[in-house]
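A.B. asks: turn this into a model:
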Amino acid sequence: MSKALLGGCLCGEIRYECTGQLQIPVYCHCRDCQKSHSAPFAAEASVASGSIVYTKGQPTRFTMKANSGSDKHHEFCPACATILVGWSDAYPEVKMIQLVSLDDPELVQPVAHLFTESAISLACLNDGLPQFKTMPSVKELELLATGEQ
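C.D. replies: Numbering: from 1, shown residues only. As a prediction, the model looks like this:
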């Protein structure tokens, strides 16, 4: 990636710069994402942990137990509660950036729907993207993201 991606929260109190290459953009329909985003799904992409630098303000962190038993973290704006980044202790080298928090969320298009067994009827799943009832292998997602199916 030649240029950093910029993003932030709804109220503008938190701004960040992402210098890493966004990988494996997906729509996640798991219940954790639905509830934490108050939405039918979350649109996110993985990036190397050290790639995100907050340039204005500091987020608040919420930690919970994932179904796997690992701690799962969300960083969000303490003023407007916009979730910006999430990660699991099971994969500390990777963070999940929320695509809609980017200044230009159209730069990255998700390649699949995950955890569709939890999808709710408000989520329109007729976009032709591959659908996985649970979490597929990372290799499978990488192949979708690179177009090497």
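
A.B. asks: this protein: strands as residue ranges?
C.D. replies: 5-8, 15-18, 23-28, 42-48, 52-56, 60-65, 71-76, 83-88, 94-98, 113-114 (DSSP state E).

A.B. asks: who does the last one touch, helix- and strand-wise?
C.D. replies: Here strand 113-114 touches strand 23-28, going by 3 or more Cβ pairs under 8 Å, 6 or more residues apart in numbering; DSSP states H and E. Backbone N, C-alpha and C define where each C-beta goes, glycine included.

A.B. asks: longest helix of the protein, counting residues only.
C.D. replies: Longest helix in the chain by number of residues (criterion: DSSP state H): helix 138-146.

A.B. asks: thinking again about what came up before, export the strands of the chain to CSV and append columns for mean neighbour count, distance to P130 and mean pLDDT.
C.D. replies: Below are the strands of the chain laid out as CSV (neighbours: other Cβ atoms under 10 Å; distance: least, Cβ to Cβ, whole Å; pLDDT from 0 to 100):
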stretch, mean neighbour count, distance to P130, mean pLDDT
strand 5-8, 20, 25, 96
strand 15-18, 19, 25, 96
strand 23-28, 22, 10, 90
strand 42-48, 22, 15, 93
strand 52-56, 14, 27, 96
strand 60-65, 11, 28, 92
strand 71-76, 19, 24, 93
strand 83-88, 21, 22, 94
strand 94-98, 23, 19, 94
strand 113-114, 23, 7, 89
